[in-house]
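Asks: for reference, the sequence and a predicted model appear below.
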Amino acid sequence: MIAVTALFKTHHWIFLLASSYILIYVSADMGWDDDEDDPVSTTAVDAVLGHSADLPCDISIHGEDRVYMVLWFRQNAGKPLYRYDVRGRNIENAIHWSDNEGFAERARFNGKTNPAQLHLEGVQLTDEGVYRCRVDFKNTPTKNYQVNLSVIVPPYAMSVYNKQGEVKDSVIGPLVEGMGLTLSCEVRGGQPSPTVSWFINNRIVEGRLKTEHNLVVNTLEISNVARENLNDTYKCQAGNTKLILPAEKSLRLELTLKPQSVQIVNKPIRLIANQEYTFICHVAGSRPSPKVTWWSDTKSFNQGKVDEHSNETLSVSKLRFVPTPDDESRSLKCRGENPVLQDASLEDTLSLNVVYPPLVSLRLGPKLKPNAIKEGDDVYFECKVRANPKEHKISWFHNGVPVKRNSSSGVILSTESLVLQKVSRHNTGRYTCHAVNERGETMSQPVALRVQYAPVCKTLEPTIVGASINEAVR
């Protein structure tokens, strides 16, 4: 028979100290009330539904003392739902027990962390409540710690609406510059009620909040969108805890924009006729990419070859063509227009200064009848000259011989005409005019002048014929 030398009670546990120094666990189903005199500290712990939680419990010791057992209780329950037993063994070999009607296999106590903690996986709504951790030591009196576990339920649905309905993709628009924009972010669920915020380019902005049962709505209103708002990011964010990232939905603003500028970047002072030139036109600021066209005065330009390429900010059109004298003084226009907007075009104009040698044409005066000119008539020729720069000299030729001014002989020269007064048969022949400028010189095609005149008797000179006597003469 074992002789009992001491019997004492220490906080829910009865120990018998026998002469053989065997420690025997006798009893313990006592309620929280039995430990009412113990100082209890309370720690608040938040956990997210479906995530994990760590419930702290200080099991630190002093001196040579050691932990015997850690028990976890739910509120005022007398029966523990988790036991961590290190009696007679080291921490690595501790015995873990979890009540199947409590945490079951979701819980695991870790005595090596500071403070020690009960790690709980897959937190459920039913886990919310007050827990008590009771620590029994070899020498130190039992300690109790209280943990208030709150289970946070994240919002389960987020939707963004504009005036047309729900925005289901990641793009708003396209909107036309100057239009207003209204976005409503509706967030459902969440305990506690979530904070719903709007951010523009990651900068928080104030919206109009409305809270109803299980629903929070934040409405953002922009009076008018400007060109610089293109590709702005609008983000709705909703959260009710810092333990997990907030729910969010990001949208990019797409705009339809008029061309901002049109420029023919190379504008030569003059063009040489019959040489190829490349004209480059830049159209900036249009979205979507502009339609770029070339015009001659008011007509679509149908000469040459056009190449185009575009990026998000600039469209470039290259026109290659060979100007002719007919293009002189015409306007070459580059026009850029937004393909989906009316009256959204800009244009730039280049006045063509085409230089070329004289173009010369010669004709008889239009009132003359070429086949009825007779001696004594007055005849005039018209020399039409087109030249750029303007011709600086016009010359006349009769059968290749220069015609000189001779008023007494009835030869009168003016800028573009030749007058022959009282023509005679000697004026018959081929007439040409010749013009010169700094680009070259040109001779006209010849015009024939035929002067009709009356018959003239021909004077015969005597002819001497030699013959012998009695020779026949013919």
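Replies: It's in.
Asks: tell me how many other residues crowd Tyr431.
Replies: Using other Cβ atoms under 10 Å, the number of residues around Tyr431 comes to 22. Bear in mind the C-beta positions are built from the backbone N, C-alpha and C, glycine included.
Asks: before we move on, what about the one 5 residues further on?
Replies: The tally of other residues near Val436 (other Cβ under 10 Å) stands at 17.
Asks: tell me the contacts of it?
Replies: Counting by Cβ atoms under 8 Å, 6 or more residues apart in numbering, Val436 makes contact with Pro358, Glu391, His392, Lys393, Ile394, Ser395.
Asks: repeat the analysis, applying 10 Å as the threshold.
Replies: Pro357, Pro358, Val385, Ala387, Glu391, His392, Lys393, Ile394, Ser395, Thr442 (Cβ atoms under 10 Å, 6 or more residues apart in numbering).
Asks: same deal with His119?
Replies: With contacts defined as Cβ under 10 Å, 6+ apart, His119 is in contact with Ser52, Ala53, Asp54, Leu55, Arg106, Ala107, Arg108, Phe109, Asn110, Thr113.
Asks: closest to Val130 among the residues you listed?
Replies: Nearest to Val130 among the contacts of His119, counting by Cβ to Cβ, is Leu55 at 10.7 Å.
Asks: and after the helix or strand where the closest one lies, which helix or strand comes next?
Replies: Applying DSSP states H and E as the criterion places Leu55 in strand 53-57. Next helix or strand after strand 53-57 toward the C-terminus (DSSP H and E): strand 67-74.
Asks: who are the packing partners of that next one?
Replies: The helices and strands touching strand 67-74, judged by 3 or more Cβ pairs under 10 Å, 6 or more residues apart in numbering; DSSP states H and E, are strand 23-25, strand 53-57, strand 82-85, strand 95-98, strand 107-110, strand 116-120, strand 129-137, strand 143-152.
Asks: parallel or antiparallel, list what pairs with it.
Replies: Take DSSP bridges as the rule and strand 67-74 pairs in its sheet with strand 82-85 (antiparallel), strand 129-137 (antiparallel).
Asks: domains of the protein?
Replies: Annotated domains of the chain cover 25-152, 157-255, 261-352, 357-449 [automatic domain parsing].
Asks: any chance of the ones you listed in a markdown table, with distance to Pro455 and mean pLDDT too?
Replies: As requested, these are exported to a markdown table (distance: least, Cβ to Cβ, whole Å; pLDDT from 0 to 100):
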| stretch | distance to Pro455 | mean pLDDT |
| --- | --- | --- |
| domain 25-152 | 130 | 88 |
| domain 157-255 | 90 | 96 |
| domain 261-352 | 48 | 92 |
| domain 357-449 | 11 | 93 |
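Asks: now those in TSV, with distance to Asn470?
Replies: Output for the domains of the chain, formatted as TSV (distance: least, Cβ to Cβ, whole Å):
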stretch	distance to Asn470
domain 25-152	159
domain 157-255	124
domain 261-352	81
domain 357-449	48
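Asks: if we can go back for a sec, deepest-packed of the strands paired with strand 67-74, please.
Replies: The highest mean neighbour count among the strands paired with strand 67-74, using mean count of other Cβ atoms under 10 Å, belongs to strand 82-85: a mean of 21.
Asks: any idea which residue sits dead centre in the protein?
Replies: The residue lying closest to the centre of the chain (Cα atoms, centre = their mean) is Glu312, at 5.4 Å.
Asks: tell me the contacts of that residue?
Replies: Glu312 sits next to Leu230, Asn231, Arg287, Pro288, Ser289 when contact means Cβ under 10 Å, 6+ apart.
Asks: ranges for the strands of the stretch 351-474 of the chain?
Replies: Taking DSSP state E, counting those that start in this stretch as the test, the strands found in the stretch 351-474 of the chain are 354-364, 379-388, 393-398, 401-402, 411-413, 417-420, 429-437, 440-443, 447-449.
Asks: nearest to Asp99, of those strands?
Replies: The closest of the strands of the stretch 351-474 of the chain to Asp99 is strand 354-364. By Cβ to Cβ, the value is 100.5 Å.
Asks: the closest one pairs with which strands, and in what direction?
Replies: strand 271-272 (parallel), strand 379-388 (antiparallel).
Asks: quick check: Glu241 touching Ala47?
Replies: Quick fix: residue 241 reads Thr, not Glu. Yes. Between Thr241 and Ala47 there is a contact under Cβ atoms under 10 Å: 9.1 Å.
Asks: any residues in contact with both of the two?
Replies: Ser150, Ile152.
Asks: so between those two, which is more surrounded?
Replies: The residue with more neighbours, out of Thr241 and Ala47, is Ala47; 21 against 18, by other Cβ under 10 Å.
Asks: excluding chain neighbours, what is closest to Thr313?
Replies: Ala284 (6.3 Å; Cβ to Cβ, 6 or more residues apart in numbering).
Asks: cool, Gln421 as well?
Replies: In this structure, Gln421 finds its nearest non-sequential neighbour in Gly410, 3.2 Å apart by Cβ to Cβ, 6+ apart.
Asks: then Arg363?
Replies: Among residues not flanking Arg363 along the chain, Glu382 sits closest, at 5.5 Å (Cβ to Cβ, 6+ apart).
Asks: next, count neighbours for that neighbour.
Replies: 15.
Asks: show me the contacts for it.
Replies: Ser361, Leu362, Arg363, Leu364, Gly365, Pro366, Glu416, Ser417, Leu418, Cys433, Val447.
Asks: switch the cut-off to 7 Å
Replies: Residues counted as contacts of Glu382 (Cβ atoms under 7 Å, 6 or more residues apart in numbering) are Arg363, Gly365, Glu416, Ser417.
Asks: isn't the last one up against Phe381?
Replies: Read that as Ser417. Yes. Using Cβ atoms under 7 Å, Ser417 is in contact with Phe381, at 6.5 Å.
Asks: neighbour count winner among the two?
Replies: Of the pair Ser417 and Phe381, Phe381 is the one with more neighbours under other Cβ under 10 Å, namely 22 against 15.
Asks: contacts only, for that one.
Replies: Phe381 touches Leu362, Leu364, Ser417, Leu418, Tyr431, Val447, counting by Cβ under 7 Å, 6+ apart.
Asks: against Asn437, how distant is it?
Replies: In this structure, Phe381 and Asn437 are 21 Å apart, going by Cβ to Cβ, to the nearest Å.
Asks: same check on Arg74?
Replies: Counting by Cβ to Cβ, the gap from Arg74 to Asn437 is 110 Å.
Asks: just want the phi and psi numbers for the residue nearest to Gln421.
Replies: With angles defined as degrees, to the nearest 10, Gly410 sits at phi 80, psi 20.
Asks: surely it and Ser424 touch.
Replies: No. Applying Cβ under 7 Å as the test, Gly410 and Ser424 come out as separate, 9.4 Å apart.
Asks: how far is stretch 81-98 from where the chain is centred?
Replies: 63 Å (Cα atoms, centre = their mean, to the nearest Å).
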